[in-house]
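> Would you be able to build a 3D model of this:
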Amino acid sequence: MKHGPIYSALLGAATTAICLGLEFSAIPAIIIGVLAYGAGNMIFTTGSGDDESALEKVQGTMTFVSESVNNSKVDNVLAKASKDNAQIYFMISKIEDPDVVRKIRELHEIVGKIISAVRKSPEKLKQSEKFFSYYLPTTVNFLHKYDEIENQEVGTEEMKAFMVKTEKMLSKIEVAFKSQLTNLYKSDMMDTDAEMKLFDTMLKSDGISGEEDFKI
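Just a heads-up that it's a prediction; the model follows:
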């Protein structure tokens, strides 16, 4: 194609700009842009006689680009979440109320499990985006405000009321975070449950109850 190099350059530049707009760091954004440029080069400059071969190469390259974009986004989100969770853990040493400290420890543990679940299965990020972008950082903000008010030497009635309200909110957050963790594994549990039912059916069809029938 006559203008192939120009279109390829535009594709590479646009891809880099999009990655930067998604708050990717410069180096991954540039790498992804270069990959997009290479893919575009194959699309826009390949002759008609090699279309099928070129298409396969492009599909492979674009898949790699897509995986790079997804992995970079997951890495960025989880890096931010890990920092937020570190802030939650830090608040354990700042806050005096033992009941609040217990809740904070529980939140820290749950958030760690959620981060691990998404790191292990990046496709679960989509159903956790609101958790990472709003619920988690907002919880960190609540804890900082609570610590600030708790450390005031003279506590007014308004301050005490705020602390009580925050403590109740932390209980709700604990339940919500546990629900988020459960939802991440819901499809896995459903799939495994269905597989166990099928397995049990096959055992019965073979005359095996699964209890005391394993005789040779």
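> can you give me the helices in this protein?
Assigned by DSSP state H, the helices in the chain fall at 4-21, 26-45, 51-90, 98-120, 129-130, 136-150, 157-205.
> and the fifth one, what does it pack onto?
Where contact means 3 or more CB pairs under 8 Å, 6 or more residues apart in numbering; DSSP states H and E, helix 129-130 is not packed against any helix or strand. Just so you know, the C-beta spots here come from the backbone N, C-alpha and C atoms, and that holds for glycine as well.
> Ser179: how many residues sit nearby?
Neighbour count of Ser179, defined by other CB atoms under 10 Å: 11.
> how far away is it from Glu129?
The spacing between Ser179 and Glu129, counted by CB to CB, to the nearest Å, is 16 Å.
> same thing with Glu148?
29 Å.
> just checking, Asn85 touches His108?
Yes: using CB atoms under 8 Å, Asn85 is in contact with His108, at 6.1 Å.
> which one of these two has more residues nearby?
Asn85 (22 against 17).
> Per-residue pLDDT of that one, please?
If you check Asn85, the pLDDT there is 97.
> need the contact list for it.
For Asn85, the contacting residues are 108, 111-112, 115, 136, by CB atoms under 8 Å, 6 or more residues apart in numbering.
> let's go with 10 Å and repeat that
Taking CB atoms under 10 Å, 6 or more residues apart in numbering, we find Asn85 in contact with 78, 107-112, 114-115, 136, 139-140.
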